Each structure stands twice: as C-alpha cells, then as structure tokens.
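1. The following block contains a protein sequence and its predicted model.
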Amino acid sequence: MGVIKDHPELAVFFCLGAGYLVGKLRVGPITLGGICGTLIVSLLIGAWTKVQVDEDVKTVFFAIFIFALGYMAGPQFFDNLNRRSLRFFALCGIELVCVVGIALGLAKAFDLDVGTASGILAGAATESAVVGTATEAIGKLPDLTADQVNTYQGHVATAYTVCYLFGLVTIVIYTSQLIPMMLRIDLRDASRELWEKMRGGTGGLESDQREALPGMVGRTFLVTFADGARVSDLERRFDRRVTVEAVKRGNRVLTPPPPDFRLTLSDLVLAVGRRANIIEAARVIGPETPAVPGLDTPLSTTQVSLTDKSAAGKTLDALHREHPEFARNGVYVTEVQRGDQVLPATPETTVRRGDVLTLVGARSGLGRLVAKIGSVVKNDTTDFVYLGAGITAGSLLGQVVVTFGDVPLSLGTGGGCLVSGLLFGWFRSRSQTFGAFPPQAATTLKDMGLAVFIACTGLVSGPQAWPLLKEYGALLPFAGIAMVLVPATVSLIVGRKLLKIEAPLLIGAIAGQQCSTPAITSVTQVAQSSVPMLGYTITYALSNFLLPLTGPLLVGILGA
C-alpha cells in the first residue's frame, strides 16, 4: 500500500476501476452503480492508506462534470419551460422543499454538523452533484479552521455513501413495485394504453421491438399502365409523395430523368416514397420488378438542425405542405431527434426549433432544402473553444457572492458551471453549427469527471468515515429512507388528486424528481415501455439543475 500512498494518481484510477466493478454487483433489480461503488472503494482505501490528493484535482474534474451535465440537459430544460410542464414543475418543488426541510430538521434535532447534514441531503436525494456543491461551499465558510473543513468535508462523503445506499434501494422499490400496487394498476397495461391514446389509437411497440417495415422505400417498376405519361405528371398524381429517381430504357439510364420525359412501354422506373404511396404507384405504373443492376441510385442522408422559427410547433405534414422542395426534390424526413430522444417521423409529429431532422434524398435536393429550413449539424469533433469558454464563464459566475441578511450565498464553481452548461447547451441547440460537443464525448467527460471527483473525495475522507458511522450509524439509514418516501409520497398524492397526471407519467416523474436513473430503468423494465420516460425527462432536467443548488443553500443556512 506504500506505492498507492506515494502515487495518488494510482490510487485514483484504482478506485475508479475497482469501484465500477463493485457497482456492477446486482441484487434483484438493484445495482449500486459505478459512482457509489467508487465512493465505497475510495473510502476504504483512504482509511487504510491515508493518501493525500491535491484539492485542485477535485475542483477541475467537478467543473468538467457539472458543465457537461448542464450542457446535455440545457435544451430539454429550457424546452420544458412552458405551460404544459407546470404540473411537473410542482413535483420538483415538492422534492426541494421536502429534502431541504428534512435535512434542516434532522440537523437541528440531532445537532448535526454542516457536513453530515449536507451528506444526508446528497445521499438521500441520490444526487451525486450535491456532494460537490456542498463540499465546495463548506470550504468557503469563513469561521472554520482547515482541520474543521477537512473533517466536515469527510462527513459529507461518508453520510452520502450510507444514505445513498438506502435511498437508492428505497426509490427503486417504491417506484417500480409499491406505487403501482398502491394505485392498483398493472404498469405494463397502463403504459400501453396511454401510448395508444397518445398515438391516436394506434398500437405501440414494446421497448425491445422495432418496425419490421421501414416507412420510406424505393422500388423498381416495369412501365405497363403509364405509357406516354410524363415524369412530372406521374409525380403530380401522387401529390409529389412519390418521386421518380431514375429511368432505364434499354442500355440508357437517366438519373434523374427530366420532368418532361415521357415513359414508354418496357421502361424500368425507380420510384421512391413512403410505403403506402409506393404500393399505390404499382397500380399506376406497372408491376414491380426485382432490383435492376445499374438502375439503383444512391440517396444521401444528412442531419439538419431546424432553425426556421416559422416551422416551430408545426407537424411534419404541415412542414411538407409549406415547403414544396420536399416533394419537388424527393426529400423525406426519416427521423426526428430532440436532445437524446428519437421521435418517430410520422406526419403528426410536431417539430420544435432545435430538433435534428434526418433527411434522405438526392444530394442536390438536400442542399436546396437545407438552406431554407435550417443548417447541417456539425457534431463530429468537440469544439474546445466553446467548451473552454463555457467552463470559464461558469467558474467566474460561481465567484459572485450575494448576501441575504448575514448569510453569504454563492453558486461556487459547481453551481456556476451548471448554469453556464445549461445556457451554453441551449444556445448550441438553436443552430448546432458551432460549439460541437458530441453526446458520446459529453457523456464520457460527465461520467469521468464525477467519478474522479468522487474518488478524490473518498480518498481524502476515508479517515473520518468510521468515527461518523459510530456516532450516527442508526440515523443515516433512517434519513436515507425517510427523505425518499416523504417527497415521493407527497408527489404521488398531489400528482394524482390535484394535478391529474396519468399514472405511468407520474411514476416516471417521481423517479425523475429524485434524479434516479436506476429507478427509471427498473420502472421501464416493469412497464416494458418507454412511456414513463416522458414524465421522467421533464422532472429530471429540472431537478438536475435545482438539486445541486440545495448544497450551497443548506451549507449557507447551517453555517450562518
């Protein structure tokens, strides 16, 4: 162990690897997760070796984590700031009031220090980011000595670990098993019924199912019935929902054929369109034939960020009608991506500014259409200029101190970078031609930033863990359970009785207000549907922003 003590970097990465291995252990539907596993391992290693890790390492990696978190949640967060989502916002308000109130109550009743109370808040709320914001806020309290700061920061990590374990188990079991029983519903049936209602009565797919028949297809036909018809007349007959991409006459292939080109018997025609229209085309053109060598023409695919303000809130069908270039150039929307959600590209799908549309069609047609509705998404490499500017702005914002009475409050580096990430992520989503931060890269930096921060915190806090457990051993599990059940139960009652939220959405929203990925994973497995995710994403985005701010708030109140 002397090697680990002399080389902190070795200790950090050992804790990451071993912690994520521990996090894979499964008991029924519950796994600890890599972050909790890393904290457990790092506390043990820290208590054993008393390794020292530079405080700046924690600050840097936490800033990276919290900015990436905000960047990913920003578009969805601001998109949900509308009247339709107000009822879900009430659930987040319930969560905030309950967890802060319970933490303050426990602190006063049991004379808890600021570190232990903050750790209880972070762990019971299963929000790892609170560990960082609270730890940072404790370090800025003016009346504490260096030893007191280290001790209280160690208490944050220890209390978080114990409360997180009990809070995690409680929220998973409560949302996926107990709430459906209390509501007397079969979550699978309720989710499927709600999905069919939302889709206008059409059957929904299970979570592991995909459409067997793609919506857009290309087929070749032998001209039998359309002798003498011009290409433009043929396309106009189908209201330009079918486009003729190529015609083969003998050894000659026209790609694409001129609009006034007249078809003759035995011509081979390549038509592209949606399946229902292509089936109808066979009755007009002639029988379908096998694929013809030399007749196939490649179609280009591009992702376009919808920046046209006039298109926001309209259906894809309305977008097609207002932009005849879709039909004229044979361009089709095959997918709509909103944040990290992929939506079906049906005519009834409503698009919003910042949505990413996947367009398929001839390259020349794509270019003309893109210029009218948006811009090509550039998301291949990370724009470190934008990333660096965002974290810098967040760090500066975190240094601003606002005094309420005698209580100095500041966002700190963590809170500042979270706000900055939300704004920079939202601003990027407006056009997506600058500030690229690919989802895979953002997820990697987010996970690694938090994991390294947690490992550093656990290593430094290890020596204080055992004394705290001996002093408050029974209180911590109780707090972890109570701080989950109280806000979740209040939200359940308010959500059903007052807000009239549908049961599957409400269950997902309760998991989201707790920022619990394991809980929503378990809920969707029980539901065998992604419908609860619709409620989860709204409260999750808001709680991801608000819960980390409760750390400095609690520290400021208790430290005053």
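-> Arrived safely, thanks for sending.

2. State the mean pLDDT of the longest helix belonging to the chain.
-> Ordering each helix of the chain by length in residues (DSSP state H) puts helix 439-472 first. In this model, helix 439-472 has an average pLDDT of 78.

3. quick one: buried residues of that helix?
-> Using 16 or more other C-beta atoms under 10 Å as the test for burial, helix 439-472 gives 442, 445-447, 449-465, 468, 472. Where you see a C-beta, it was placed from the backbone N, CA and C, and this is true even at glycine.

4. do the same with stretch 313-326
-> For stretch 313-326, a neighbour-count test (16+ other C-beta under 10 Å) marks K314, L316, L319, H320, H323, E325, F326 as buried.

5. quick one: the strands in the stretch 101-250 of the chain?
-> Per DSSP state E, counting those that start in this stretch, the stretch 101-250 of the chain carries strands over the ranges 216-222, 242-249.

6. For the last one, name the packing helices and strands.
-> Which is strand 242-249. With contacts taken as 3 or more C-beta pairs under 8 Å, 6 or more residues apart in numbering; DSSP states H and E, strand 242-249 sits against helix 231-237, strand 252-254, strand 268-274, helix 275-285.

7. export the ones you listed to CSV and tack on distance to G17 and mean pLDDT?
-> As requested, the helices and strands packed on strand 242-249 are exported to CSV (distance: least, C-beta to C-beta, whole Å; pLDDT from 0 to 100):
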stretch, distance to G17, mean pLDDT
helix 231-237, 60, 84
strand 252-254, 58, 86
strand 268-274, 49, 83
helix 275-285, 49, 83
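
8. in the stretch 251-400 of the chain, what spans have low per-residue confidence?
-> Residue ranges of the stretch 251-400 of the chain with pLDDT under 70: 294-299, 325, 327-330, 339-341, 343-344, 362-365, 368.

9. and if we set it to 50?
-> Under the criterion pLDDT under 50, no range of the stretch 251-400 of the chain is flagged.

10. That one: strands as residue ranges?
-> Applying DSSP E, counting those that start in this stretch to the stretch 251-400 of the chain gives strands spanning 252-254, 268-274, 288-289, 300-306, 332-338, 341-343, 356-361, 374-376.

11. any chance you could map the helices in the stretch 51-200 of the chain?
-> Applying DSSP state H, counting those that start in this stretch to the stretch 51-200 of the chain gives helices spanning 55-79, 86-110, 114-124, 129-139, 146-173, 179-183, 187-198.

12. Out of those helices, which is the most enclosed?
-> For those, the largest average neighbour count (mean count of other C-beta atoms under 10 Å) is found in helix 114-124, namely a mean of 31.

13. what's the burial count for I501?
-> Residues contacting I501 under the criterion other C-beta atoms under 10 Å number 22.

14. separation between it and A519?
-> 17 Å (C-beta to C-beta, to the nearest Å).

15. again with V419
-> Here the criterion is C-beta to C-beta. By it, V419 lies 26 Å from A519.

16. quick one, which of these two is more surrounded?
-> With neighbours defined as other C-beta under 10 Å, V419 and A519 compare such that A519 has more, 30 against 22.

17. which regions of the stretch 51-200 of the chain sit below the pLDDT cut-off?
-> In the stretch 51-200 of the chain (pLDDT under 50), the answer is 200.

18. closest one to V97 among the strands of the stretch 251-400 of the chain?
-> The closest approach between V97 and any of the strands of the stretch 251-400 of the chain, judged by C-beta to C-beta, belongs to strand 341-343 at 29.0 Å.

19. now the helices: where do they sit in the stretch 451-560 of the chain?
-> Using DSSP H, counting those that start in this stretch, the helices of the stretch 451-560 of the chain run over 475-493, 503-513, 517-527, 532-559.

20. The ones you listed: which one's closest to T350?
-> helix 532-559 (13.9 Å).

21. Going by neighbour count, list what's buried in that closest one.
-> Buried positions in helix 532-559, judged by neighbour count with 16+ other C-beta under 10 Å: 532-559.

22. could you give the angle of it to helix 114-124?
-> For helix 532-559 against helix 114-124, the angle by axes from the mean of the first three to the mean of the last three C-alpha atoms, to 10 degrees is 170 degrees.

23. Let me know which of the helices of the stretch 451-560 of the chain is the nearest to L222.
-> The nearest among the helices of the stretch 451-560 of the chain, by C-beta to C-beta, is helix 532-559 at 46.5 Å.

24. what's the spacing between that closest one and its chain's center?
-> 15 Å (C-alpha atoms, centre = their mean, to the nearest Å).

25. That one packs against which elements?
-> If you count contacts as 3+ C-beta pairs under 8 Å, 6+ apart, helix 532-559 packs onto helix 55-79, helix 86-110, helix 114-124, helix 129-139, strand 407-410, helix 412-429, helix 503-513, helix 517-527.

26. need the ones you listed in CSV with distance to V162, can you?
-> Shown next, in CSV, are the helices and strands packed on helix 532-559 (distance: least, C-beta to C-beta, whole Å):
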stretch, distance to V162
helix 55-79, 21
helix 86-110, 13
helix 114-124, 7
helix 129-139, 13
strand 407-410, 28
helix 412-429, 22
helix 503-513, 21
helix 517-527, 17
